[in-house]
Every structure is written in C-alpha cells, then in structure tokens.
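pasting the sequence and the predicted model now:
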Amino acid sequence: MSRALTTDNLTSMGVFASYTGQDDWNATTSKLNFMYNQQVSRANNSSPWTYTPVKYWPNTTTDKLSFFAYAPYVDESAAGGSNPSFQGNTVAGFPKLTYTVPTTEADQIDLLASVPLMNRTYETTSGSVSFLLKHALTKVSVYIKSGDNVVGKKVTAFSITSAKSGTLTYHAPDAGNADDSGTGWTYSTPAETETFPAAAATATPGFAVPDTKAAEKKLLSTFFLLPRGEGSTFSITYTAPGKLSTGATITQTISLAGQPLPSLDQWTQGAFITYTIGIEKKQITVTAATQPTWTDSGKETVTGSYTITYATGPADSGWSNGGTGTVDGQPVTTHTVSRWGGSAEWEEGTDESVDGEVW
C-alpha cells in the first residue's frame, strides 16, 4: 500500500469553511463558522465526493465563503486526540493544524493541504468548488550503495533525527506568486526533535549492502518528515567482514552517530529528497538529490555530497574534531568533507560521471 497520496488513492479529506456575508475574509475576526473539519469522502477514485449533513450556499448569491482543506481526514474526537490536531471552531483567524511525525516509519503518511479558496460566491463558482491539494511534508528516501567490492557488509541500524512537530497555518495566497501554496509551517524555539528509525535496518539479519561498487543502490527506507531540514542528522551502524594478520575472519561493527546530511535547505514543502549512502570499510559517502516528482520518475538533480571518515586518534590521518562514533565499541572521531557544492544530474539506472566519479 502506498503511503503517498495521489488523485487515484485519495478517499477522504477534512474541510473548514467560513461565512463572511458581503465582507471579505478577515484574518483577525473571521471564524470557521460554516464547516469545521467536515469529513468529505468517496469509496474510490471513480466515485463522487459526498458528505453529510449537506450544506447549501447562502440565499444571497453574492455572500462569501472561504474554504480550506487537508487530507487524509482525521477525527479530532477520537480517543487520545487526533494527528493533526486543530484549534477550536470559536477561534478567529486562519485554520491551524498541529502535526507530530509518527516515530514508526510505517505510520508516517503523506499530509496534504489545499490552496485556500478565498471569498467565493455562488455566482463565481456556480455552486461548486474544487480543491488543489499539495504535499505539506518532505519525502525523504534513503538508499544504500557499496563504495567498494567488499562482500558481506550489512546495515544493522539507521535513523534520522529531525523536527518532531510543527504547526501548519493557512494564509491568503499571493496571486502574483505561483509558488505560494497558501500554507506555511512554524516550529517551537528551540525545535523539539525526534529520532526516526528505519525498520528494514533493524530486521534480522540486517539490511544487506550490495556486494560491489557497480551494483545498483537499494532502497532502505522512506520517511515523511516536516519540511525543516535545519539541524537534521543521521546515525548508522553497519558491519563489515575482515581478516586478522593470523588469517582469522572477523566482523567489524562501525557506529556513527549524529552525522550531518547534505542539502538540508532542500527540505521544503512538497520536496522529494533522496540520500544515497555509499558504504566502505573506512568511510561512507552521503549524496543528496532532489526528485522532480514523488513517483521516482524523471531525472534527479544532485545537490550535494559529504564524505565521512573516522579515526581512532591524533596519529591517524583522518583525525579531526567532528562527529562521534565507535568501531567495535572503541570511540572514534568522524570528519566530514563536502565533495562538491554545485549541481549535476544523472539518469536513474545509468552510469554517468558526477565530478569524475562514476555511479
């Protein structure tokens, strides 16, 4: 089942509406007095949208209604509260939705918000309204790739730490700005964070890393996160086989915590960001790319890349004041280098060169 919403699989939405008579909507005094979290639903994509009880347009055809919608619908009266939660219908001003990202990856789903329909009348709409719903979160997919030809590497833990909750507030969209969706997020100061683990990494016996550099990357996880990249980090634990000087086979465990992610400025409403993590025995490379659509089709644009190495002490060439980690339980210090600052593109599934490196 897809966790992203499309026109094909969307079956419910919640609608707020305000009646203001002959006056335009007033952000200070207008209230959601016509509809408050009204459930509108359909059985499937070929069925009509319906709701009950039915509301009718004002008798005066020039009286004004303003509409706001989100999807999927949630029942705010449910036990334990709803997510998102809403301000009361007696509160004046634009609707506000407070959303908390579920910790479990599988529970994270797409959240849509409509472009507000302001000051509509029966005369201007012929009694019908259509909502343009847009993705309100940032979709983040993480892929694993091998940076060497060592066979048998596994990812046994992976997580992203980012903003835990935020409030989405509607506003009157700027007609002269095509990018203004009529909504925006705000966060507490300082923003509260949460750690979101990748389910596939913790499943026994771990997530197998491709055996060779030439092998295709593999999808590890997909998160639906708040569009606030600032301060977001990742942590990873992986194992790699090796041999002692005696010839005995060992398995080394590398854990790197609180590592930086490139291109956090790309975490915007409706953006789809992918991170490809190339794993080697002594370093990992994290490459960020933006996707043109939420369906993985088209050409992606590489926006940045970090190489993260680790060292066990000042005598080690990679020693630097950076992040932290462990190798077989012993502390190490990590060092991050940005591999490029510009942008490049490659076609999915092809071997193209990005700053001289073949993927």
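Arrived safely, thanks for sending.

which stretches of this structure form helices?
Taking DSSP state H to define them, one finds helices in the chain at 122-125, 199-202.

single out the most deeply packed of these.
Per residue and on average, the most neighbours among the helices of the chain fall to helix 199-202, with a mean of 17 (mean count of other Cβ atoms under 10 Å). Yep, even glycine has a C-beta here, placed from its N, CA and C like the rest.

neighbouring contacts of it?
Under the criterion Cβ atoms under 8 Å, 6 or more residues apart in numbering, residues Thr104, Glu105, Ala106, Val155, Thr156, Ala157, Phe158, Phe207, Leu220, Ser221, Thr237 lie in contact with helix 199-202.

stretch 238-250 too?
Outside stretch 238-250, the residues touching it (Cβ under 8 Å, 6+ apart) are 150-156, 206, 209, 251-254, 279, 281.

hmm, back to that, for Ser47, find the nearest of the helices of the chain.
With Cβ to Cβ as the criterion, Ser47 lies closest to helix 122-125 of the helices of the chain, at 22.0 Å.

give the rounded mean pLDDT of the closest one.
Taken as a whole, helix 122-125 has a mean pLDDT of 94.

same check on stretch 71-84?
What stretch 71-84 shows for mean pLDDT is 89.

mind listing what's buried along it?
Ala71, Pro72, Tyr73, Val74, Ser82, Asn83, Pro84 (16 or more other Cβ atoms under 10 Å).

just the endpoints, please. Distance across it?
In stretch 71-84, first residue to last residue: 10 Å (Cα to Cα, to the nearest Å).

next one: stretch 60-67
Stretch 60-67 has an end-to-end distance of 18 Å (Cα to Cα).

report pLDDT for the residue lying closest to Thr90 once chain neighbours are set aside.
Counting by Cβ to Cβ, 6 or more residues apart in numbering, the nearest residue to Thr90 once its immediate chain neighbours are dropped is Lys31, at 6.6 Å. The model reports Lys31 with a pLDDT of 97.

isn't Lys31 right up against Ala92?
Yes. With contact defined as Cβ atoms under 8 Å, Lys31 counts as touching Ala92 (5.2 Å).

now the strands for the stretch 251-359 of the chain?
272-279, 283-290, 300-311, 324-327, 330-340, 344-346, 353-354, 357-358 (DSSP state E, counting those that start in this stretch).

for the stretch 51-200 of the chain, same thing?
For the stretch 51-200 of the chain, the strands defined by DSSP E, counting those that start in this stretch cover 64-71, 85-86, 96-100, 112-114, 117-120, 133-135, 138-146, 154-163, 165-170, 183-186, 193-197.
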